[in-house]
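Undergrad: I would like the atomic coordinates for the input below:
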Amino acid sequence: MVLAGAAIAGPPFQTDDPEPVDFHHYEAYIFSTFDRASGDSQAQIPAFEFNVGTAPNVQLHAILPMALSAPASGPDQYGVGDMELGVKYRFLQERNGHPQVGVFPLLEVPTGDARRGLGNGQAWARLPLWIQKSMGHWTTYGGGGYTLNTAPGMRSAPFAGWLLQRDLNQHWTLGGEAYGQGASTVGGQSSTFLDGGGYYNVSKEFQVLFMLGHTVAGERHLISYLGLYWTWK
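TA: Purely as a prediction, here's the structure:
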């Protein structure tokens, strides 16, 4: 399954950041992702993400997607996809010139039907370390880690990415990233992506998120993300 090896991480990008939701604050997303490779298409449409700051520097995370599998040959399939659960922990704050640093282990729970192409078939995990530094209107973050996936047809593999974004004004934030991952399927290849996207800030509590990307080396992928974001306390 394409998305099992190339899960979108930090909305709307693949690279994530170490900054958790503030203590006693909440975030919710309604979004869709798309990944087309070698004539096969995978999508999450729609998917629902919820994050809560349960303690200072600690965030709990969950995603429940509806999945669409559209193979080059064979019928399309649609149903519940694999659920994602995670904990983000920032152990170093950004101050005195040094960046903030955190970890964000994720567990993908096999709630989707792998026989229909809607899930991985077994639980798998992503174990990343993320770093972030802000400089006025500019923010840069990235890092990497390892994916552990022993499901039939899948492989464990490293991944890494880096992103640079700028606040253009009170409404627009735009950025670009480079992201790479090792071969995540048996017989597959590693991939290197270049993505662009950002946020339109309707208000402090509501945003529209978007991203479009393509591989520049390895397996050919076209990916996208479109979502709505709310935050409150």
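Undergrad: low-confidence ranges in the protein?
TA: 1-9 (pLDDT under 70).
Undergrad: for it, what spans make up the strands?
TA: Along the chain, the segments classed as strands by DSSP state E run 26-37, 40-55, 58-70, 77-80, 83-92, 100-103, 106-109, 124-135, 138-148, 157-167, 172-181, 191-201, 206-218, 222-232.
Undergrad: Any idea how far apart the tips of stretch 126-143 sit?
TA: End-to-end distance of stretch 126-143 (Cα to Cα, to the nearest Å): 13 Å.
Undergrad: Show me which positions of it end up buried.
TA: Residues of stretch 126-143 classed as buried: Arg126, Pro128, Trp130, Ile131, Gln132, Thr139, Thr140, Tyr141, Gly142, Gly143 (neighbour count, 16 or more other Cβ atoms under 10 Å). (C-beta placed from N, C-alpha, C; glycine too.)
Undergrad: Farthest pair within those?
TA: Spanning the widest gap among the buried residues of stretch 126-143 are Arg126 and Thr139, at 22.2 Å by Cβ to Cβ.
Undergrad: And the residue of the chain most remote from its centre, how close does it get to Lys133?
TA: Most distant from the centre of the chain: Asn96, at 29.4 Å, with distances by Cα atoms, centre = their mean. Remark: distance between Asn96 and Lys133 (Cβ to Cβ, to the nearest Å) = 12 Å.
Undergrad: would you turn the buried residues of stretch 126-143 into JSON lines with distance to Val58?
TA: What follows is these, written out as JSON lines (distance: Cβ to Cβ, whole Å):
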{"residue": "Arg126", "distance to Val58": "18"}
{"residue": "Pro128", "distance to Val58": "16"}
{"residue": "Trp130", "distance to Val58": "15"}
{"residue": "Ile131", "distance to Val58": "18"}
{"residue": "Gln132", "distance to Val58": "16"}
{"residue": "Thr139", "distance to Val58": "21"}
{"residue": "Thr140", "distance to Val58": "24"}
{"residue": "Tyr141", "distance to Val58": "18"}
{"residue": "Gly142", "distance to Val58": "21"}
{"residue": "Gly143", "distance to Val58": "18"}
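Undergrad: with those in mind, which one is nearest to His61?
TA: Arg126 (11.7 Å).
Undergrad: Distance-wise, check that closest one relative to Thr147.
TA: Look at Arg126 and Thr147: by Cβ to Cβ, they are 5 Å apart.
Undergrad: Now list whatever residues contact both of these two.
TA: When contacts are counted by Cβ atoms under 8 Å, 6 or more residues apart in numbering, Arg126 and Thr147 have Phe159 as shared neighbours.
Undergrad: what's the neighbour count on Tyr225?
TA: Using other Cβ atoms under 10 Å, Tyr225 has 23 neighbouring residues.
Undergrad: Ignore what I typed, I meant Lys88.
TA: Lys88: 25 surrounding residues under other Cβ under 10 Å.
Undergrad: got the contact list for it?
TA: Pro18, Pro20, Val58, Gln59, His61, Gly102, Val103, Phe104.
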